[in-house]
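Enquirer: sequence-free structure coming up:
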């Protein structure tokens, strides 16, 4: 089995530079779908070169990296939601996920909970507060 780590430090630096350009572009254009061919034009490398650079730096393909980034941003948005009209569907589609069943499955596999549970933990779901005050204990002894 061959290692993804290049023996030449110049190759490693070049791969990092390609990946950094791609990451910067993706983060700057997160609201739009980004094709592999577009990333190749932005970075100035072939699709194979881009894929090799991502595998060398992150150990995953550019597409998987983009999905992981979108998932992290979606999770952050769900956790940060405080608006009364926030729904999982709205947050997911805002982050480029349009196949909601597939999104929910990937989200749960990645984070160990359904996206609705993340939203519920933020304190709001479908316009209702999920805050539940603790019951007073009348039999508590105060010292």
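Expert: Structure received. Given the structure is predicted, the values throughout are model-derived calculations rather than measurements.
Enquirer: how about the helices in this protein?
Expert: 9-28, 36-43, 47-57, 62-80, 88-94, 100-111, 115-121 (DSSP state H).
Enquirer: And the fourth one, what does it pack against?
Expert: Spelled out, it's helix 62-80. Helices and strands touching helix 62-80, as assessed by 3 or more C-beta pairs under 8 Å, 6 or more residues apart in numbering; DSSP states H and E, comprise helix 9-28, helix 36-43, helix 47-57, helix 88-94, helix 100-111, helix 115-121. Glycine gets a C-beta too; all of them are placed from N, C-alpha and C.
Enquirer: Could you list the residues in contact with the fifth one?
Expert: Read that as helix 100-111. 67, 68, 71, 74, 75, 88, 89, 92, 97, 114, 115, 118 (C-beta atoms under 8 Å, 6 or more residues apart in numbering).
Enquirer: burial measure for the first one, as a count.
Expert: Neighbouring residues of residue 67 were enumerated by other C-beta atoms under 10 Å; the total is 17.
Enquirer: Identify the residue nearest it in space, chain neighbours excluded?
Expert: Leaving aside its chain neighbours, residue 67 sits nearest to residue 106 (7.3 Å; criterion: C-beta to C-beta, 6 or more residues apart in numbering).
Enquirer: now swap in the third one and tell me
Expert: Among residues not flanking residue 71 along the chain, residue 110 sits closest, at 5.5 Å (C-beta to C-beta, 6+ apart).
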